[in-house]
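# sequence-free structure coming up:
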């Protein structure tokens, strides 16, 4: 995802404002700007190897910043995750 010349990068909080929830859409899962496109769907497309350009072609209303917001959202969720080793007591 490239930025055009002269475009300023958005800060994370501005990007995250693009991620919303609505209990009537996908049971309240995170979606993009109130639309019927879940963050997990965009992340799944990226994980499957789709380029941001291909994703943008498939959703005329989607903007590059929306894809960036999905990545920021995922990073923030993972940043809070902690895995504790399981100790077996004999």
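Yep, that arrived. Treat the numbers as computed from the prediction; the structure is a model and nothing was measured.

# contacts and neighbour counts: CA atoms only from here.
Noted.

# gap between the residue sitting nearest the centre point of the chain and residue 83?
Nearest to the geometric centre of the chain sits residue 70, at 1.2 Å (C-alpha atoms, centre = their mean). As judged by C-alpha to C-alpha, to the nearest Å, residue 70 and residue 83 stand 23 Å apart.

# what's the closest non-adjacent residue to the residue nearest to the centre of the chain?
Leaving out its chain neighbours, the residue that sits closest to residue 70 by C-alpha to C-alpha, 6 or more residues apart in numbering is residue 39, at 5.6 Å.

# Pretty sure that neighbour sits against residue 31.
Yes - between residue 39 and residue 31 a contact is recorded at 5.2 Å, counting by C-alpha atoms under 8 Å.

# what is in contact with the two at once?
residue 19 (C-alpha atoms under 8 Å, 6 or more residues apart in numbering).

# one step back: helix or strand for the residue nearest to the centre of the chain, just tell me which one.
Taking DSSP states H and E as the criterion, residue 70 maps to helix 64-79.

# Tell me the buried residues in that helix?
Of the residues in helix 64-79, 65, 66, 67, 68, 69, 70, 71, 72, 73 count as buried by neighbour count, 16 or more other C-alpha atoms under 10 Å.

# Can you tell me which of the residues you listed lies closest to residue 45?
Nearest to residue 45 among those, counting by C-alpha to C-alpha, is residue 67 at 10.5 Å.

# Stretch 82-90 spans what distance, first to last residue?
First-to-last distance for stretch 82-90 - C-alpha to C-alpha - comes to 25 Å.

# Quick check: the gap between residue 35 and residue 81.
Counting by C-alpha to C-alpha - residue 35 and residue 81 are separated by 27 Å.

# Check residue 23 too.
Per C-alpha to C-alpha, residue 23 is found 24 Å from residue 81.
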